[in-house]
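> The following comprises the amino acid sequence and a computationally predicted model.
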Amino acid sequence: MTSSSSPSQDTKRLAHTYPEGLRADALMEEDVAWSNGNGAEWDGDQFDRSDRAALRRVVGLSTELEDVTEVEYRQLRLERVVLVGVWTTGTARDAENSLAELAALAETAGALVLDGVIQRRDKPDPATYIGSGKAQELREIVLETGADTVICDGELSPGQLIQLEDVAKVKVIDRTALILDIFAQHAKSREGKAQVALAQMQYMLPRLRGWGQSLSRQMGGGRGGLATRGPGETKIETDRRRIREKMAKMRREIAEMKTGREVKRQERRRHKVPSVAIAGYTNAGKSSLLNRLTGAGVLVENALFATLDPTVRRAETPSGRLYTLTDTVGFVRHLPHHLVEAFRSTMEEVGDADLILHVVDGSHPVPEEQLAAVREVIRDVGATDVPEIVVINKADLADPLVLQRLLRVEKHSIAVSARTGKGIDELLALIDSELPRPSVEIEALVPYTRGKLVARAHDEGEVISEEHTPEGTLLKVRVHEELAAELTPYVPAPLA
Ligand SMILES: Nc1nc2c(ncn2[C@@H]2O[C@H](COP(=O)(O)OP(=O)(O)OP(=O)(O)O)[C@@H](O)[C@H]2O)c(=O)[nH]1
Ligand SMILES: [Mg+2]
């Protein structure tokens, strides 16, 4: 195979044009988009497939980063992109799903996906990720489509990025950088932003050289840039040192913010308010479910990673017990390792919860994969002993056969639709029965001057009976130890 081979020769393209406005998540469902059909063609050990998908830009999702930190990570403008995947294991379908997911991610970042190619290889090429001949073809596709960015479906070494960039002659980024970009666009809280910035710096540090001058320039920023500018090497060293210093500072700040959050969590624990964490793959419908369950107005977006900061809401079971419901960041396959680190904060909430609602998109072709991916992360953060209810969402869209299969395999599961409300009552009842019950049963005659205690018993405990007597409210309740201690003075003395 020579570098002069034309891409159109052995690269089969599916002449598939999407209706205007079709979104990437639809693409994932649209089997025909990436799947075999009759488009698959083998070329010795090489396998390419591409698909011209006239996906449109997601309105309102800007690629322009807000000023995340003083040291700006980069200002990639993901405009017109070509996706590249290396298919090493699994079926063609797996490879295509992975690329379709990359397309959804790219679109979430605000990119227009022009084309996608997959190469069959035993392992990625150590020099250029895809083989050198294919890299040439990629160059042709870039020219043909007018792409300005190539996104690779994996984490590339700094060397691979440079070398592929040299051939493709446009910016090459990998899946990790893409996810970081999305995270940076969406992080809202101070802590979330700081964590994303830290993860970006960590990612960037070994790649500084590779990103060359433009990045050095960005890193240097305006102020102080002139003074520190020198020969390339020196500049990079200066940048590296500055980034390391910045990272150390950031870690300290994050540690402080963490203490604040820990205090709040202790407070909740002390009051023994049971907590439920909603976890699940990105776009599964976690925020929609939270809204359904609590009526809270949480951002729901049909884009991956709409939620990046944990959101805690108070909720009430049908029997009237209070609990907290925490929305979490969506999981995604191949979450870069240092991002798992960075987002541990939200995962910690999952580990601390009394119950996990593991939401999965029932309308996805293979929800099992998402379940497995999320469980891997749950294992990573040591939350394996927290009881889990598998909430199969989007039942209104799901294939009944897939639903049946999931309900059969997942013993502790329920099918719901956050959109239509189907199954929500059953889910609420299930949460009620799964939450830990307060441990102390007590009878107290609470004077009317201590009405607050009665209210708390309702909120924090379970009222078995309640009677209004001339002396006060006679309560028979199950409560946690702290409240039991406060009620003890009012326990009527035994007769006789
Ligand atoms: N048809 C249907 N669509 C749903 C349902 N639940 C959620 N959606 C849609 O799925 C998309 C994603 O919903 P979100 O609630 O933002 O998902 P999420 O899991 O919080 O996503 P991230 O925060 O990005 O991880 C939105 O377009 C919702 O309207 C459902 O039961 N049925
Ligand atoms: Mg969400």
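Received it, and whenever you're ready, just let me know what you need. Ligands and ions are numbered 1, 2, ... in the order given.
> Show me what whatever helix or strand residue 485 lives in is packed up against.
Residue 485 is part of helix 481-487 when elements are defined by DSSP states H and E. If you count contacts as 3 or more C-beta pairs under 8 Å, 6 or more residues apart in numbering; DSSP states H and E, helix 481-487 packs onto strand 440-446, helix 451-460, strand 472-479. C-betas here are computed from N, CA, C, even on glycine.
> Low-confidence bits of the stretch 251-400 of the chain, can you list those?
For the stretch 251-400 of the chain, the stretches flagged by pLDDT under 70 are 265, 267-272, 295-311, 331-338, 340-348.
> What segments of it are strands?
Along the stretch 251-400 of the chain, counting by DSSP state E, counting those that start in this stretch, strands occupy 275-280, 311-316, 322-327, 355-361, 388-393.
> Please parse this protein into its domains.
Domains of the chain are assigned by automatic domain parsing as 7-186, 190-258, 272-434, 440-490.
> With mean neighbour count and distance to residue 264 as added columns, please give these in JSON lines.
Listed next are the domains of the chain as JSON lines, based on neighbours: other C-beta atoms under 10 Å; distance: least, C-beta to C-beta, whole Å:
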{"stretch": "domain 7-186", "mean neighbour count": "19", "distance to residue 264": "22"}
{"stretch": "domain 190-258", "mean neighbour count": "16", "distance to residue 264": "11"}
{"stretch": "domain 272-434", "mean neighbour count": "19", "distance to residue 264": "9"}
{"stretch": "domain 440-490", "mean neighbour count": "16", "distance to residue 264": "17"}
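> Of these, which is nearest ligand 1?
Ligand 1 sits nearest to domain 272-434 of all these, at 2.3 Å, using C-beta to the nearest ligand atom.
> which residues touch residue 431?
276, 317, 323, 355, 357, 389 (C-beta atoms under 8 Å, 6 or more residues apart in numbering).
> got CSV for the domains of the chain, with distance to residue 266 too?
Shown next, in CSV, are these (distance: least, C-beta to C-beta, whole Å):
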stretch, distance to residue 266
domain 7-186, 28
domain 190-258, 12
domain 272-434, 10
domain 440-490, 13
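> would CSV of the strands of the stretch 251-400 of the chain with distance to ligand 2 be doable?
Formatted as CSV, those follow (distance: least, C-beta to the ion, whole Å):
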stretch, distance to ligand 2
strand 275-280, 9
strand 311-316, 8
strand 322-327, 6
strand 355-361, 9
strand 388-393, 12
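> Using a markdown table, lay out the ones you listed together with distance to ligand 1.
Putting the strands of the stretch 251-400 of the chain into a markdown table (distance: least, C-beta to the nearest ligand atom, whole Å) gives the following:
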| stretch | distance to ligand 1 |
| --- | --- |
| strand 275-280 | 6 |
| strand 311-316 | 10 |
| strand 322-327 | 7 |
| strand 355-361 | 6 |
| strand 388-393 | 5 |
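> who wins for proximity to residue 339 among these?
Residue 339 lies closest, by C-beta to C-beta, to one member of these: strand 275-280, at 15.6 Å.
> Give me the residues contacting the closest one.
268, 286, 289-290, 315, 323-328, 330-331, 349-350, 352-361, 370, 374, 378, 386, 391, 431, 435.
> just to revisit the earlier point, rank the helices and strands packed on helix 481-487 by mean pLDDT and give me the bottom one.
Per-stretch mean pLDDT for those is lowest at helix 451-460 (a mean of 88).
> average pLDDT across whichever helix or strand comes after it?
The helix or strand immediately downstream of helix 451-460 is strand 462-469, counting by DSSP H and E. Strand 462-469 shows a mean pLDDT of 91.
> same thing with stretch 97-105?
In this model, stretch 97-105 has a mean pLDDT of 84.
> near ligand 1, anything from that stretch?
No - with C-beta under 6 Å from any ligand atom as the criterion, ligand 1 is not reached by stretch 97-105; the gap is at least 10.6 Å.
> tell me what the longest helix along the chain is packed against?
For the chain, the helix with the greatest residue count under DSSP state H is helix 232-270. Applying 3+ C-beta pairs under 8 Å, 6+ apart, one finds that helix 232-270 contacts helix 190-204, helix 208-220, helix 344-352.
> got the angle between that helix and strand 322-327?
Angle, helix 232-270 to strand 322-327, by axes from the mean of the first three to the mean of the last three C-alpha atoms, to 10 degrees: 160 degrees.
> Tell me what angle helix 232-270 forms with helix 190-204.
Counting by the same axes, to 10 degrees, helix 232-270 lies at 140 degrees to helix 190-204.
> Do the helix or strand hosting residue 183 and ligand 2 come into contact?
In this assignment (DSSP H and E), residue 183 forms part of helix 175-186. No - judged by C-beta under 5 Å from the ion, helix 175-186 stays clear of ligand 2, getting no closer than 9.7 Å.
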